[in-house]
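>>> my questions are about this predicted structure, shown below with the sequence.
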Amino acid sequence: MAERRLQIFHAVAEHLSFTRAAEALFMTQPAVTLQIKHLEAEYGTRLFERRPGGISLTPAGELMHSYAGDILKLSREMETRLGEMTGEMRGLLRVGASASVVDFLPRALGEFNALYPQVRIRLSVANSENIENRVGAHSLDVGLLGAPAKLAGLVCRECGGDELVVICTPDYPLAALPEVTPKLLVDYEFISQEPGSGGRAMIEAWFSAQQVEPRLLKTQMELGSLEALKGMVATGLGFAIVPRVVVDKEVRLGELVAVALQPALRSTLRLIYPQDRFQSRLVATFVEFAAGMLREAAI
(Lines give C-alpha, C1' and ligand atoms only; values in the text may rest on other atoms or scores of the structure.)
Protein backbone atom coordinates (compact mmCIF):
# COMPACT_ATOMS: atom_id res chain seq x y z
CA MET A 1 0.00 0.00 0.00
CA ALA A 2 1.42 3.42 -0.95
CA GLU A 3 2.10 5.61 2.09
CA ARG A 4 0.20 8.55 0.58
CA ARG A 5 -2.91 6.42 0.15
CA LEU A 6 -2.63 5.30 3.76
CA GLN A 7 -2.34 8.95 4.84
CA ILE A 8 -5.54 9.74 2.95
CA PHE A 9 -7.37 6.80 4.53
CA HIS A 10 -6.18 7.85 7.99
CA ALA A 11 -7.42 11.42 7.48
CA VAL A 12 -10.87 10.24 6.34
CA ALA A 13 -11.07 7.80 9.25
CA GLU A 14 -10.12 10.53 11.75
CA HIS A 15 -12.60 13.09 10.41
CA LEU A 16 -15.29 10.62 9.24
CA SER A 17 -15.80 13.05 6.39
CA PHE A 18 -14.37 13.10 2.87
CA THR A 19 -14.84 16.87 2.75
CA ARG A 20 -13.00 17.64 6.01
CA ALA A 21 -10.24 15.16 5.17
CA ALA A 22 -9.78 16.83 1.78
CA GLU A 23 -9.52 20.24 3.47
CA ALA A 24 -6.95 18.94 5.97
CA LEU A 25 -4.88 17.37 3.19
CA PHE A 26 -5.31 20.33 0.80
CA MET A 27 -6.82 18.02 -1.81
CA THR A 28 -10.10 18.02 -3.68
CA GLN A 29 -12.89 15.81 -2.36
CA PRO A 30 -13.12 13.78 -5.63
CA ALA A 31 -9.39 13.03 -5.41
CA VAL A 32 -9.77 11.77 -1.83
CA THR A 33 -12.81 9.67 -2.77
CA LEU A 34 -10.95 8.14 -5.72
CA GLN A 35 -7.99 7.11 -3.56
CA ILE A 36 -10.30 5.44 -1.04
CA LYS A 37 -12.01 3.54 -3.87
CA HIS A 38 -8.60 2.33 -5.11
CA LEU A 39 -7.72 1.23 -1.58
CA GLU A 40 -10.99 -0.68 -1.20
CA ALA A 41 -10.41 -2.36 -4.59
CA GLU A 42 -6.86 -3.29 -3.57
CA TYR A 43 -8.08 -5.12 -0.48
CA GLY A 44 -11.38 -6.31 -1.90
CA THR A 45 -13.47 -4.92 0.92
CA ARG A 46 -15.38 -1.81 1.88
CA LEU A 47 -13.65 0.40 4.44
CA PHE A 48 -16.46 2.93 4.92
CA GLU A 49 -20.24 2.71 5.07
CA ARG A 50 -21.71 5.57 3.12
CA ARG A 51 -25.04 6.97 4.27
CA PRO A 52 -26.99 10.18 3.54
CA GLY A 53 -26.03 11.52 6.99
CA GLY A 54 -22.32 10.76 6.71
CA ILE A 55 -19.89 7.85 6.78
CA SER A 56 -18.68 5.31 9.33
CA LEU A 57 -15.91 2.72 9.43
CA THR A 58 -16.73 -0.89 8.54
CA PRO A 59 -15.10 -3.66 10.63
CA ALA A 60 -12.35 -3.84 7.97
CA GLY A 61 -11.98 -0.06 8.19
CA GLU A 62 -11.72 -0.23 11.98
CA LEU A 63 -8.94 -2.80 11.66
CA MET A 64 -7.03 -0.72 9.13
CA HIS A 65 -7.46 2.41 11.24
CA SER A 66 -6.02 0.62 14.28
CA TYR A 67 -2.79 0.06 12.34
CA ALA A 68 -2.62 3.14 10.11
CA GLY A 69 -1.57 5.71 12.70
CA ASP A 70 1.25 3.53 14.03
CA ILE A 71 2.46 2.66 10.52
CA LEU A 72 2.63 6.30 9.46
CA LYS A 73 4.33 7.32 12.69
CA LEU A 74 6.93 4.54 12.42
CA SER A 75 7.60 5.46 8.79
CA ARG A 76 8.38 9.05 9.79
CA GLU A 77 10.55 7.89 12.69
CA MET A 78 12.50 5.54 10.40
CA GLU A 79 13.15 8.30 7.86
CA THR A 80 14.27 10.71 10.56
CA ARG A 81 16.47 8.19 12.38
CA LEU A 82 18.18 7.14 9.15
CA GLY A 83 18.86 10.78 8.39
CA GLU A 84 20.26 11.38 11.87
CA MET A 85 22.68 8.44 11.49
CA THR A 86 24.44 10.39 8.75
CA GLY A 87 25.03 13.28 11.14
CA GLU A 88 23.00 15.63 8.97
CA MET A 89 19.77 17.39 9.87
CA ARG A 90 17.45 16.26 7.12
CA GLY A 91 13.91 15.13 6.38
CA LEU A 92 10.47 16.66 5.99
CA LEU A 93 9.30 19.18 8.59
CA ARG A 94 5.55 19.81 8.46
CA VAL A 95 4.67 23.12 10.08
CA GLY A 96 1.18 24.58 10.46
CA ALA A 97 0.13 28.09 11.44
CA SER A 98 -3.17 29.81 12.04
CA ALA A 99 -3.92 32.70 9.71
CA SER A 100 -3.71 35.26 12.52
CA VAL A 101 -0.07 34.46 13.36
CA VAL A 102 1.49 33.11 10.14
CA ASP A 103 3.22 36.47 9.50
CA PHE A 104 5.57 35.67 12.38
CA LEU A 105 6.91 32.54 10.64
CA PRO A 106 8.59 33.37 7.29
CA ARG A 107 11.82 34.72 8.77
CA ALA A 108 12.14 31.78 11.18
CA LEU A 109 11.51 29.24 8.40
CA GLY A 110 13.93 30.96 6.04
CA GLU A 111 16.77 31.14 8.55
CA PHE A 112 16.21 27.57 9.73
CA ASN A 113 16.34 26.32 6.14
CA ALA A 114 19.53 28.29 5.56
CA LEU A 115 21.12 26.56 8.56
CA TYR A 116 19.85 23.12 7.55
CA PRO A 117 19.51 23.04 3.74
CA GLN A 118 18.75 19.29 3.72
CA VAL A 119 15.49 19.91 5.58
CA ARG A 120 12.34 20.20 3.45
CA ILE A 121 9.76 22.47 5.08
CA ARG A 122 6.08 22.23 4.24
CA LEU A 123 3.95 25.07 5.62
CA SER A 124 0.16 24.79 5.96
CA VAL A 125 -2.07 27.73 6.88
CA ALA A 126 -5.57 27.22 8.29
CA ASN A 127 -7.64 28.29 11.28
CA SER A 128 -6.50 27.39 14.80
CA GLU A 129 -8.94 24.51 15.20
CA ASN A 130 -7.76 22.87 11.96
CA ILE A 131 -4.07 23.27 12.81
CA GLU A 132 -4.54 21.89 16.32
CA ASN A 133 -6.47 18.86 15.04
CA ARG A 134 -3.80 18.11 12.45
CA VAL A 135 -0.99 18.31 15.01
CA GLY A 136 -3.01 16.02 17.28
CA ALA A 137 -3.49 13.57 14.39
CA HIS A 138 0.26 13.69 13.57
CA SER A 139 -0.32 15.05 10.07
CA LEU A 140 1.67 18.14 11.18
CA ASP A 141 4.82 18.07 13.32
CA VAL A 142 4.55 21.56 14.83
CA GLY A 143 1.84 24.22 14.92
CA LEU A 144 1.90 27.94 15.69
CA LEU A 145 -1.30 29.32 17.23
CA GLY A 146 -2.52 32.52 18.78
CA ALA A 147 -4.90 30.66 21.11
CA PRO A 148 -4.43 27.98 23.79
CA ALA A 149 -4.49 24.36 22.61
CA LYS A 150 -7.52 22.35 23.75
CA LEU A 151 -6.60 18.80 22.77
CA ALA A 152 -5.02 16.43 25.26
CA GLY A 153 -1.61 15.01 24.41
CA LEU A 154 -0.15 18.24 23.03
CA VAL A 155 2.69 20.34 24.45
CA CYS A 156 1.78 24.04 24.30
CA ARG A 157 4.76 26.36 24.63
CA GLU A 158 4.29 30.12 24.91
CA CYS A 159 6.86 32.17 23.03
CA GLY A 160 6.04 35.85 22.85
CA GLY A 161 3.10 37.78 21.47
CA ASP A 162 1.88 40.97 19.87
CA GLU A 163 -0.48 43.88 20.48
CA LEU A 164 -3.81 43.80 18.67
CA VAL A 165 -5.06 47.01 17.06
CA VAL A 166 -8.04 48.29 15.12
CA ILE A 167 -7.23 48.89 11.45
CA CYS A 168 -9.15 51.10 9.06
CA THR A 169 -8.58 53.48 6.13
CA PRO A 170 -7.22 56.98 6.87
CA ASP A 171 -10.60 58.56 6.05
CA TYR A 172 -12.66 56.14 8.18
CA PRO A 173 -14.27 57.81 11.27
CA LEU A 174 -12.18 55.76 13.74
CA ALA A 175 -8.85 56.78 12.16
CA ALA A 176 -8.60 60.12 14.00
CA LEU A 177 -9.07 58.60 17.48
CA PRO A 178 -6.10 57.90 19.79
CA GLU A 179 -7.79 54.73 21.10
CA VAL A 180 -11.11 52.91 20.92
CA THR A 181 -13.22 50.99 23.44
CA PRO A 182 -15.47 47.95 22.86
CA LYS A 183 -18.63 50.00 23.40
CA LEU A 184 -17.54 52.56 20.82
CA LEU A 185 -16.80 49.88 18.20
CA VAL A 186 -20.36 48.54 18.32
CA ASP A 187 -21.46 51.54 16.25
CA TYR A 188 -19.16 50.75 13.30
CA GLU A 189 -19.01 48.09 10.59
CA PHE A 190 -16.85 45.13 11.64
CA ILE A 191 -14.92 42.75 9.36
CA SER A 192 -14.28 39.57 11.32
CA GLN A 193 -12.06 36.52 11.13
CA GLU A 194 -13.81 33.25 10.35
CA PRO A 195 -15.40 31.01 13.02
CA GLY A 196 -12.90 28.54 14.47
CA SER A 197 -9.96 30.95 14.37
CA GLY A 198 -8.06 31.64 17.57
CA GLY A 199 -7.96 35.36 16.79
CA ARG A 200 -11.73 35.57 16.56
CA ALA A 201 -12.20 33.68 19.84
CA MET A 202 -9.78 36.02 21.62
CA ILE A 203 -11.45 39.15 20.22
CA GLU A 204 -14.93 37.94 21.18
CA ALA A 205 -13.68 37.19 24.70
CA TRP A 206 -12.28 40.75 24.90
CA PHE A 207 -15.66 42.23 23.97
CA SER A 208 -17.49 39.96 26.41
CA ALA A 209 -15.13 40.89 29.26
CA GLN A 210 -16.18 44.53 28.76
CA GLN A 211 -19.90 43.60 28.85
CA VAL A 212 -20.33 43.92 25.09
CA GLU A 213 -22.03 40.94 23.47
CA PRO A 214 -20.16 39.96 20.25
CA ARG A 215 -23.53 39.38 18.52
CA LEU A 216 -24.19 43.12 18.80
CA LEU A 217 -21.29 43.93 16.47
CA LYS A 218 -22.20 45.07 12.96
CA THR A 219 -20.38 42.18 11.33
CA GLN A 220 -20.29 42.76 7.59
CA MET A 221 -18.13 39.85 6.55
CA GLU A 222 -16.17 36.83 7.90
CA LEU A 223 -12.86 36.08 6.17
CA GLY A 224 -10.39 33.24 6.47
CA SER A 225 -7.08 35.08 6.03
CA LEU A 226 -5.56 38.26 7.36
CA GLU A 227 -4.53 39.29 3.84
CA ALA A 228 -8.18 39.14 2.75
CA LEU A 229 -9.12 41.01 5.92
CA LYS A 230 -6.65 43.82 5.20
CA GLY A 231 -7.76 43.99 1.59
CA MET A 232 -11.41 44.38 2.55
CA VAL A 233 -10.62 47.03 5.18
CA ALA A 234 -8.66 48.93 2.51
CA THR A 235 -11.91 49.34 0.52
CA GLY A 236 -13.33 51.42 3.39
CA LEU A 237 -16.08 48.91 4.22
CA GLY A 238 -15.29 48.88 7.94
CA PHE A 239 -12.70 48.09 10.60
CA ALA A 240 -10.93 44.91 11.68
CA ILE A 241 -8.85 43.88 14.69
CA VAL A 242 -5.47 42.28 13.91
CA PRO A 243 -1.95 41.91 15.37
CA ARG A 244 0.04 45.09 14.83
CA VAL A 245 2.89 43.24 13.10
CA VAL A 246 0.72 42.21 10.15
CA VAL A 247 -0.04 45.83 9.16
CA ASP A 248 3.34 47.48 9.77
CA LYS A 249 3.96 47.86 6.03
CA GLU A 250 0.49 49.27 5.22
CA VAL A 251 0.69 51.73 8.13
CA ARG A 252 4.15 52.94 7.06
CA LEU A 253 2.85 53.49 3.52
CA GLY A 254 -0.19 55.39 4.80
CA GLU A 255 -2.64 52.88 3.30
CA LEU A 256 -4.13 51.89 6.66
CA VAL A 257 -4.26 53.36 10.15
CA ALA A 258 -3.71 51.38 13.37
CA VAL A 259 -5.66 52.54 16.44
CA ALA A 260 -4.95 51.27 19.97
CA LEU A 261 -7.54 49.26 21.88
CA GLN A 262 -8.65 50.32 25.36
CA PRO A 263 -8.26 48.17 27.36
CA ALA A 264 -5.24 46.79 25.57
CA LEU A 265 -5.39 43.32 24.07
CA ARG A 266 -2.36 41.15 23.35
CA SER A 267 -2.08 37.85 21.55
CA THR A 268 0.20 35.12 22.82
CA LEU A 269 2.11 32.99 20.34
CA ARG A 270 2.13 29.28 21.12
CA LEU A 271 4.11 26.46 19.56
CA ILE A 272 2.30 23.13 19.85
CA TYR A 273 3.59 19.63 19.14
CA PRO A 274 2.64 16.08 20.19
CA GLN A 275 3.74 14.93 23.62
CA ASP A 276 5.24 11.72 22.26
CA ARG A 277 7.80 9.39 23.69
CA PHE A 278 9.74 9.79 20.45
CA GLN A 279 10.62 13.26 19.25
CA SER A 280 12.99 13.61 16.35
CA ARG A 281 16.07 15.77 16.63
CA LEU A 282 14.70 17.76 13.69
CA VAL A 283 11.46 18.69 15.47
CA ALA A 284 13.21 19.38 18.78
CA THR A 285 15.80 21.60 17.08
CA PHE A 286 13.17 23.53 15.14
CA VAL A 287 11.02 24.11 18.26
CA GLU A 288 13.97 25.60 20.16
CA PHE A 289 15.07 27.69 17.17
CA ALA A 290 11.57 29.00 16.39
CA ALA A 291 10.76 29.75 20.04
CA GLY A 292 13.87 31.91 20.32
CA MET A 293 13.14 33.84 17.12
CA LEU A 294 9.47 34.35 18.00
CA ARG A 295 10.42 35.79 21.39
CA GLU A 296 12.74 38.25 19.62
CA ALA A 297 9.98 39.23 17.18
CA ALA A 298 7.43 39.78 19.94
CA ILE A 299 6.45 43.39 20.59
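Arrived safely.
>>> pLDDT on stretch 222-242, on average?
Average pLDDT, stretch 222-242: 91.
>>> who's in contact with it?
99-100, 102-103, 125, 127, 164-169, 171-172, 174, 185, 188-195, 197, 199, 203, 218, 220-221, 246-247, 250, 255-256, 261, 265 (Cβ atoms under 8 Å, 6 or more residues apart in numbering). No exception for glycine: its C-beta is placed from N, CA and C like everyone else's.
>>> one more: stretch 196-203?
Taking Cβ under 8 Å, 6+ apart as the rule, stretch 196-203 contacts 98-101, 127-130, 145-147, 164, 192-194, 214, 224, 241-243, 265, 267.
>>> buried ones from the contacts of stretch 222-242, can you make that a ChimeraX selection?
Paste this into ChimeraX to select the buried members of the contacts of stretch 222-242, with burial taken from 16 or more other Cβ atoms under 10 Å:
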select :99,100,102,103,125,127,164,165,166,167,168,169,172,174,185,188,189,190,191,192,193,194,197,199,203,246,247,250,256,261,265
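>>> helix or strand with the lowest mean pLDDT in the chain?
Sorting the helices and strands of the chain by mean pLDDT, DSSP states H and E puts helix 59-85 at the bottom, at a mean of 79.
>>> which SSE is immediately downstream of it?
Moving toward the C-terminus from helix 59-85, the first helix or strand encountered (DSSP states H and E) is strand 91-98.
>>> list the buried residues of that next one.
Buried, per 16+ other Cβ under 10 Å, within strand 91-98: G91, L93, R94, V95, G96, A97, S98.
>>> what mean pLDDT does the longest strand belonging to the chain get?
Secondary structure assigned by DSSP state E gives strand 154-168 as the longest strand of the chain. Mean pLDDT, strand 154-168: 89.
>>> on contacts alone, who are the packing partners of the helix or strand just after it?
Scanning forward in sequence from strand 154-168 by DSSP H and E, the next helix or strand is strand 179-180. Judged by 3 or more Cβ pairs under 8 Å, 6 or more residues apart in numbering; DSSP states H and E, strand 179-180 is in contact with strand 257-261.
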